[in-house]
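Student: structure, please.
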Amino acid sequence: MKKQRFQYGISGYRWSPESFHVTKGLAGQKKKPLPLTRAERREVGYRAITKGFQAAISYIKQIERKRPYEYENQLYVTYGFWLKEDPKRYLFCKQVYCRADAPLAKRLSLFKMIRNDLLQRNCQVVTSEQCELDDSYQPINIKTNTVTADLGRPLVVRLRFA
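Tutor: Take a look at the predicted model:
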């Protein structure tokens, strides 16, 4: 299978190098603009004008390699468990998480903390409560809906925060 390569587009006004913009995308797809600082745009413009398109593309690739990946900074993990009642559903705690590239010891302690919390609750988690109201609007016939976590079937849940 052939490796897919990105296609770059550079546009700008010849006499104003800081006005240059760069787009990047796969063949046949819409190209997305690359965020560049004013100094980077100026340098791309100078290289495109004086040294040619390939020199400007090589500079853009250098910039991309130096930058940390944005999606890696936003990727977190937590742990959950499949349900005993419905094997297609699972539960997890969104408030307790760690970075995806955290050390293994930290991730293991997070997993143990979630599992121990479920063990204290006998693997039961309250999902909702229902009730009826009497004439004076006091709750009666309170019914608690719970689900049971299957501790033998853990899973990793990947979270992405914007």
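
Student: let me see the ranges of the strands in this structure.
Tutor: 6-13, 16-26, 32-33, 75-83, 90-92, 98-99, 124-133, 139-160 (DSSP state E).

Student: any weak-confidence spans in the protein?
Tutor: 1-4, 68-74, 162 (pLDDT under 70).

Student: and it, split by domain according to the record?
Tutor: Structural domains assigned to the chain are 6-67, 73-160, following automatic domain parsing.

Student: a markdown table for the ones you listed, including mean neighbour count?
Tutor: Where C-beta positions appear, they are placed from N, C-alpha and C, glycine not excepted. A markdown table is the format used below for these (neighbours: other CB atoms under 10 Å):
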| stretch | mean neighbour count |
| --- | --- |
| domain 6-67 | 14 |
| domain 73-160 | 13 |
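
Student: residues contacting the residue lying closest to Gly9 once chain neighbours are set aside?
Tutor: The spatially closest residue to Gly9, leaving aside those adjacent along the chain, is Thr23, at 4.2 Å (CB to CB, 6 or more residues apart in numbering). Shown in contact with Thr23 (CB atoms under 8 Å, 6 or more residues apart in numbering): Tyr8, Gly9, Ser11, Lys31, Lys32, Pro33, Leu34.

Student: Leu118 and Gly80 touch, don't they?
Tutor: No: here Leu118 lies out of contact with Gly80, judged by CB atoms under 8 Å, at a distance of 10.0 Å.

Student: give the contact list for Arg89.
Tutor: Here Arg89 is in contact with Trp82, Leu83, Val147 (CB under 8 Å, 6+ apart).

Student: quick one, phi psi at it?
Tutor: Main-chain dihedrals, Arg89, degrees, to the nearest 10: phi -110, psi 150.
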